[in-house]
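J.: all I have is the shape, not the residue letters:
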């Protein structure tokens, strides 16, 4: 009997515990954070954002590097088998690169690959992962 | 009716009236803060995480399908965010019992003798609550302090209704055992 009354006392105390109060100006702080986030999102949006430009540039750079890097015979036989104009053009470009760089075009290829890779990483971090981070609350319900 | 008010607010926010979200924040801030604090047991962390919860909810408003109450959806975000934050920081500090809370409760009791007895029980209860695991502490808070229904709690913490009932029963038993131990220690002193 005493134990039951003891349990009831605990229940009563638990039910009587008030809600904790959020700190003063809590809603203002939240709204400020939302505003900041929106301002930042606006900076990153627009007709052509920096990220989109960089993404296109880095993809192009990587593509060119890849094409120059890969053995032209391989490219000709597999990728551009049916388009005769493209390998010729690539061949010309490679020759041009070699004549500009004077070191077999390898340095230019290396620079292009580095720029492309760094840009892609930067864009992925700022553009893709940021969206994943902010939108993962969608997973609930 | 309340739910309609929430949905109305959400519609306004989604239509670009961002300031309407402040109403939702003000309405639910104490509940969210209580859930988060019960898990993290740390004032500053709880403040920061509670803000994150409202930010996440704001970003996910478009994905809220309105099958559940907005409050339930929000509490679920609060619970999950707090639990994952707690796991990240690995912090399980002992909750310092809120003296003002005890005093407030005590002042409502008229009889001095009863007051003394209840005060000690309340102090022991606060200490026992601090020894619970974060999820147990949150569960007790949701059921008793926030008076949420078991069905709603099951949606928030992602367990079946029967599992929530079992967990509640075990946690309450654990609380009683902890208080009993404290009583014995007090008597033996």
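T.: Alright, I've got the coordinates. Owing to the predicted nature of the structure, the values given are computational and were not obtained by experimental measurement.
J.: three-state assignment of residue B:154?
T.: Here residue B:154 is helix, with the state taken from DSSP: H, G, I helix; E, B strand; the rest coil.
J.: how many neighbours does it have?
T.: Close neighbours of residue B:154, defined as other C-beta atoms under 10 Å in any protein chain shown, add up to 18. Quick note: C-beta positions are derived from backbone N, CA and C, even for glycine.
J.: gap between it and chain A?
T.: Residue B:154 sits 14 Å away from chain A, going by C-beta to the nearest C-beta, to the nearest Å.
J.: now do the contacts for that residue.
T.: By C-beta atoms under 8 Å, 6 or more residues apart in numbering or on different chains, the contact list for residue B:154 reads B:160, B:161, B:163, B:164.
J.: measure it to residue B:3 for me?
T.: Separation of residue B:154 from residue B:3 (C-beta to C-beta, to the nearest Å) stands at 19 Å.
J.: over to residue B:79?
T.: Using C-beta to C-beta, residue B:79 is found at 20 Å from residue B:3.
J.: got it, and residue B:58?
T.: Residue B:58 sits 19 Å away from residue B:3, going by C-beta to C-beta.
J.: those two: who's more crowded?
T.: Between residue B:58 and residue B:3, counting by other C-beta under 10 Å, residue B:58 is the more crowded of the two (22 against 12).
J.: so the more buried one touches residue A:34, yeah?
T.: Yes - the criterion here is C-beta atoms under 8 Å, and residue B:58 meets it with residue A:34 at 5.6 Å.
J.: so what sits against both of the two?
T.: residue B:21.
J.: identify the residues contacting residue B:36.
T.: Listed by C-beta under 8 Å, 6+ apart, the contact set of residue B:36 reads B:46, B:49, B:50, B:53, B:78, B:81, B:82.
J.: which of those residues come close to chain A?
T.: For chain A, the contacts drawn from the contacts of residue B:36 by C-beta under 8 Å from any C-beta of the partner chain are residue B:50.
J.: any idea how far residue B:70 lies from chain A?
T.: Applying C-beta to the nearest C-beta to residue B:70 and chain A gives a distance of 10 Å.
J.: so the residue lying closest to that residue once chain neighbours are set aside, which state does it fall into?
T.: Excluding the flanking residues, the one nearest residue B:70 by C-beta to C-beta, 6 or more residues apart in numbering or on different chains is residue B:6, at 4.1 Å. Here residue B:6 is helix, with the state taken from three-state DSSP.
J.: could you list the low-pLDDT ranges of chain A?
T.: A:1-5, A:44-52, A:65-112, A:125-141 (pLDDT under 70).
J.: what about the residue nearest to residue B:70, neighbour count?
T.: 19.
J.: need the contact list for it.
T.: B:24, B:27, B:69, B:70, B:71.
J.: pLDDT score for it?
T.: Looking at residue B:6, its pLDDT reads 88.
J.: got it, and the one 3 residues further on?
T.: At residue B:9, the pLDDT value in this model is 90.
J.: isn't it right next to residue B:23, touching?
T.: Yes - the pair residue B:9 / residue B:23 is scored as a contact, 5.4 Å apart, by C-beta under 8 Å.
J.: burial count for residue A:38?
T.: 12.
J.: tell me how far it lies from chain B.
T.: 7 Å.
J.: ok, that residue - contacts?
T.: For residue A:38, the contact set (C-beta under 8 Å, 6+ apart) comprises residue B:18.
J.: same deal with residue B:47?
T.: Counting by C-beta under 8 Å, 6+ apart, residue B:47 touches A:22, A:23, A:26, B:33.
J.: any regions of chain B where pLDDT drops low?
T.: Using pLDDT under 70, chain B drops low at B:1-2, B:90-119, B:189.
J.: would you map out the domains in it?
T.: B:2-89, B:99-188 (automatic domain parsing).
J.: just give me the residue closest to the centre of chain B.
T.: Nearest to the geometric centre of chain B sits residue B:35, at 2.7 Å (C-alpha atoms, centre = their mean).
J.: please tell me I have it right and that residue contacts residue B:79.
T.: Yes - at 5.8 Å, residue B:35 and residue B:79 qualify as touching, with contact defined as C-beta under 8 Å.
J.: need the overlap of contacts for those two.
T.: Common neighbours of residue B:35 and residue B:79, counting by C-beta under 8 Å, 6+ apart, are residue B:138.
J.: distance of the residue nearest to residue B:70 from chain A?
T.: Residue B:6 is 14 Å from chain A, by C-beta to the nearest C-beta.
J.: ok, that residue to residue B:28 distance?
T.: Taking C-beta to C-beta as the measure, residue B:6 falls 9 Å from residue B:28.
J.: overlap in contacts of the two?
T.: Common neighbours of residue B:6 and residue B:28 (C-beta under 8 Å, 6+ apart) are residue B:71.
J.: list the buried residues for the helix or strand residue B:58 falls within?
T.: Assigned by DSSP states H and E, residue B:58 belongs to helix B:43-60. For helix B:43-60, the buried set under the neighbour-count rule, 16 or more other C-beta atoms under 10 Å in any protein chain shown, comprises B:45-47, B:49-60.
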